[in-house]
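>>> Next comes the sequence, and after it the predicted model I'd like to discuss.
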Amino acid sequence: MPEPADRRNGPAPLPQPRGPLSAAVTDALRRAPHDLPASLGADLDPADPLTDEDLQLTLFLCYELHYRGWRGVDERWEWQPTLLGLRARVERPFEEALRRLVGFPRVPAAGVAAGLVELVAADDGPSLAANLQRRADLTQFREFVVHRSVYHLREADPHSWALPRLGGEAKAALVEIQTDEYGNGRLDRMHAELFRRTLDRLGLDTAYGAHLDAAPAVTLATNNLMSLFGLHRRLRGALLGHLAAFEMTSSLPNRRYGNGLRRLGFDEVATRFYDEHVEADAVHEQIAAHDLCGGLVRAEPALAPDVLFGAAAGLAVDRLFAAHLLDSWAAGRSSLRAPAPRSISVSTTALPATTGGPLAGVA
């Protein structure tokens with residue numbers, strides 16, 4: 001049976017809290033909008049904001065109100081002033097940690113596009129894509145897909161926040177990229193829908209937000225980073241820089257992901273999401289660096305450092321994400337916080353026969 005539309009496209013149910021702050025927020029969201037205590041979050045001082053489960057989930061709870069919302073949560077919470085104040089208090093250590101992580105990237109004399117190329121060339125993080133292509137077993141590949149589902153089931157949405165904040169060359173370039181991401185207006189070609197088929201082929205729940213409870217803080221951080229940039233107009237340069245780095249480092253890894261699934265015996269339905277990105281992102285790379293970011297800086301030269309900050313931050317947080325997965329697997333443990341939900345209905349032909357059946361090996 002197909003999934004109900006409300007499960008498929010959201011909103012998702014509220015996730016389980018991970019500490020006192022996210023517990024207070026989830027408890028509040030279950031009730032009618034009301035003022036939160038001014039002291040809530042005032043003493044927040046995590047050792048590492050990027051990997052703090054309570055902080056990252058609290059941010060995700062707040063940010064999701066600007067996307068699909070939460071099932072059963074009053075939509076007026078989106079602009080409730082005291083919740084926005086709490087969000088600002090939680091954002092502060094997150095943004096400060098990002099700036100400590102990457103510093104202040106230098107804008108080269110050759111311009112912002114050259115700076116993006118330099119950042120990408122210098123990125124020496126662990127090769128998660130190579131591991132998934134050559135060595136990862138089916139359980140590990142499923143874990144990777146679970147992590148990425150948090151973003152890919154709403155793919156492109158965070159970067160679309162930039163559209164009303166741009167004009168001219170940069171806006172036209174972003175529209176060109178986003179049009180491909182949204183399947184040129186065809187539901188069956190939307191990248192989020194292609195990814196949903198990959199989830200289904202791997203025997204995993206395809207509902208929007210189904211895997212939030214399994215995703216650790218570092219996974220939420222990769223998503224919260226985009227929301228932070230997207231929801232603040234002052235960070236529009238960082239948002240475009242993040243998108244450029246995303247596109248400039250996408251084509252080869254996606255080729256490897258697709259080949260990894262083929263090695264495990266999966267068909268073209270399972271790999272189409274990754275295969276689609278190999279060609280599309282090779283084109284997007286040039287548009288993003290030269291027309292999108294270059295166009296923005298030609299119109300607003302003062303934003304060049306922000307563009308490179310956004311790119312550097314995206315690359316750095318992705319390195320943390322990759323290291324978490326690889327370190328977990330090397331130690332013989334799961335990279336997830338909890339078992340991944342299985343698909344509600346899985347075709348008997350969904351998985352290769354070598355897996356021992358449609359649900360064998362689900363984390």
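Perfect, thanks for sending it.
>>> What distance separates the opening and closing residues of stretch 66-74?
Distance across stretch 66-74, first residue to last, is 12 Å (Cα to Cα, to the nearest Å).
>>> Other residues contacting that stretch?
Contacting residues not belonging to stretch 66-74 are listed as 6, 9-14, 29-30, 32-33, 61, 64-65, 75, 78, 154, 157, 208-209, 227, 231 [Cβ atoms under 8 Å, 6 or more residues apart in numbering]. For the C-beta atoms, the positions are set from N, CA and C on the backbone; glycine is no exception.
>>> And the helix or strand hosting residue 297, what's buried?
Remark: residue 297 resides in helix 294-299, with elements defined by DSSP states H and E. Neighbour counts over helix 294-299 (16 or more other Cβ atoms under 10 Å) mark 294-297 as buried.
>>> Now that helix - C-alpha only, PDB.
What follows is helix 294-299, C-alpha atoms only, in PDB (Å, rounded to 0.1, in the frame of the first residue of the first chain):
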ATOM      1  CA  GLY A 294      30.500  35.500  -8.700                       C
ATOM      2  CA  GLY A 295      27.300  37.300  -9.600                       C
ATOM      3  CA  LEU A 296      26.500  38.000  -6.000                       C
ATOM      4  CA  VAL A 297      29.900  39.500  -5.300                       C
ATOM      5  CA  ARG A 298      29.900  41.600  -8.400                       C
ATOM      6  CA  ALA A 299      26.700  43.100  -7.200                       C
END
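>>> Check the contacts of stretch 66-74 for burial and list the buried ones.
9-14, 29, 33, 61, 64-65, 78, 154, 157, 208-209, 227, 231.
>>> Helices along the stretch 51-200 of the chain, start to end?
53-64, 81-102, 112-122, 128-134, 138-152, 157-160, 168-181, 191-201 (DSSP state H, counting those that start in this stretch).
>>> TSV please, covering these and showing distance to residue 267.
Below are the helices of the stretch 51-200 of the chain laid out as TSV (distance: least, Cβ to Cβ, whole Å):
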stretch	distance to residue 267
helix 53-64	33
helix 81-102	39
helix 112-122	32
helix 128-134	17
helix 138-152	14
helix 157-160	28
helix 168-181	23
helix 191-201	7
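>>> who's in contact with residue 8?
Counted by Cβ under 8 Å, 6+ apart, residue 8 has contacts 2, 196, 206-208.
>>> and if we set it to 7 Å?
By Cβ atoms under 7 Å, 6 or more residues apart in numbering, the contact set of residue 8 is 207-208.
>>> That one and residue 181: what is the separation?
Residue 8 is 18 Å from residue 181, where distance means Cβ to Cβ, to the nearest Å.
>>> now swap in residue 312 and tell me
Computed as Cβ to Cβ, the residue 312 to residue 181 distance reads 23 Å.
>>> Give the bridge partners for the spatially closest residue to residue 209 that is not a sequence neighbour, please.
Nearest non-adjacent residue to residue 209, counting by Cβ to Cβ, 6 or more residues apart in numbering: residue 12, 2.6 Å away. Taking DSSP bridges as the rule, residue 12 bridges to residue 70.
>>> Right, I'll call it a day here.
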